[in-house]
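**Q** test case, fold it:
(chains A and B)
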Amino acid sequence: SQELEQSPQSLIVQEGKNLTINCTSSKTLYGLYWYKQKYGEGLIFLMMLQKGGEEKSHEKITAKLDEKKQQSSLHITASQPSHAGIYLCGADIGGQNFVFGPGTRLSVLP
Amino acid sequence: DSGVTQTPKHLITATGQRVTLRCSPRSGDLSVYWYQQSLDQGLQFLIQYYNGEERAKGNILERFSAQQFPDLHSELNLSSLELGDSALYFCASSVVDGEVETQYFGPGTRLLVL
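**A** Next up, the predicted model:
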C-alpha cells in the first residue's frame, strides 16, 4: 500500500476552470513536496511545505499543508493547457523515509 | 533545462549484467538524489549523497550502489540486473535557501533490461 495517497487519480477539466488535487498521508509529514511531470520526462519541482497551515503560491498554483500535517492540497486557478501533466506529491515521513504518491494525471481541454 | 545532466539517456542490457548511470549536478549543488520510476512501483527514492557522503537511504536494493565523487558528480551502479529493474532512473540536485530545499531533476536514464 502507498504511504501517500492522491486524489483524484486523473482529472479532465476545461480550460479556465479551477481544480484541486489532494495528497493524504497516514503519517506526519515533515516536509511535503509537489512536482509536475510531463510523461516520460523529469520532474519539475513546484513547491515545498513544512509547517502546518503553511500555504504557498507560484503563478496560478497554490499549495497548502493542513494543520495536522497529514494532508496537502494543490489548487490551480484558471487552468491552461500548459498545466497538463502528472502531479506528484512527495513527502519526508521521518526516519530517512521519503515517499511519493502515485500521481494525478491532469488534462486541460482547450 | 534544469542544469542537471544524466548519461546515458537510454540503456538496453541483458539480465545479469551491470550498468553505471552518471549524474552531474547543477554547479554548486552539494546534494545528489537518485530515484527510480517504474510503472508498477511508481517513483521511489533510492539514496541521497551530500558533499561526497551518504546522507539518506531509501528503497535501494543491495544489488545497487552509488557514490558521489570529489567533483560532486554521482554514479549509480546497478548489478545482477533483473527484468524488474527496467525503469526510469532520475537524479536530482538540490539547493537550500533558509528552510526551503529545492530539487532540480535531470532528464533521466531509461533502462531496459531484456
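
**Q** the strands in chain A, which residues?
**A** A:4-7, A:10-14, A:19-25, A:31-37, A:43-49, A:55-58, A:61-65, A:71-76, A:85-92, A:98-100, A:104-109 (DSSP state E).

**Q** tabulate those (CSV), appending mean neighbour count, distance to chain B and mean pLDDT.
**A** All C-beta atoms are positioned from the backbone trio N, CA, C, and that covers glycine. Output for these, formatted as CSV (neighbours: other CB atoms under 10 Å in any protein chain shown; distance: least, CB to the nearest CB, whole Å; pLDDT from 0 to 100):
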stretch, mean neighbour count, distance to chain B, mean pLDDT
strand A:4-7, 18, 10, 94
strand A:10-14, 13, 15, 97
strand A:19-25, 20, 13, 96
strand A:31-37, 22, 7, 92
strand A:43-49, 20, 4, 90
strand A:55-58, 13, 9, 90
strand A:61-65, 20, 13, 95
strand A:71-76, 20, 15, 96
strand A:85-92, 23, 6, 93
strand A:98-100, 22, 4, 88
strand A:104-109, 17, 12, 96
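
**Q** pull the contacting residues for A:Lys68.
**A** Each residue near A:Lys68 by CB atoms under 8 Å, 6 or more residues apart in numbering or on different chains is listed here: A:Gly52.

**Q** report pLDDT for it.
**A** Looking at A:Lys68, its pLDDT stands at 82.

**Q** dump the residue contacts of A:Gly52.
**A** Per CB under 8 Å, 6+ apart, neighbours of A:Gly52: A:65-69.

**Q** ugh, typo on my part, it should be A:Gln96
**A** Contacts of A:Gln96 by CB under 8 Å, 6+ apart are B:56-58.

**Q** 10 Å instead?
**A** Residues in contact with A:Gln96 (CB atoms under 10 Å, 6 or more residues apart in numbering or on different chains) are B:45, B:47-48, B:55-58.

**Q** tell me which of the contacts of A:Gly52 fall in helices.
**A** Judged by DSSP state H, helices contain none of these.

**Q** can you redo the residues you listed as a markdown table with distance to B:Ile12?
**A** Listed next are the contacts of A:Gly52 as a markdown table, based on distance: CB to CB, whole Å:
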| residue | distance to B:Ile12 |
| --- | --- |
| A:Leu65 | 41 |
| A:Asp66 | 45 |
| A:Glu67 | 49 |
| A:Lys68 | 47 |
| A:Lys69 | 43 |
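
**Q** in this structure B:Arg110 contacts B:Thr13, no?
**A** No: with contact defined as CB atoms under 10 Å, B:Arg110 does not reach B:Thr13; the gap is 11.7 Å.

**Q** any residues in contact with both of the two?
**A** B:Ser86.

**Q** chain neighbours aside, what residue packs nearest to residue 2?
**A** Just going to use chain A. A:Pro102 (5.9 Å; CB to CB, 6 or more residues apart in numbering or on different chains).

**Q** you looked at the wrong chain, it should be chain B
**A** Nearest non-adjacent residue to B:Ser2 (CB to CB, 6+ apart): B:Tyr104, at 4.2 Å.

**Q** need the pLDDT of the residue nearest to A:Gln2.
**A** 93.

**Q** that one is in contact with B:Leu43, isn't it?
**A** Yes: counting by CB under 10 Å, A:Pro102 does reach B:Leu43; the two are 8.8 Å apart.
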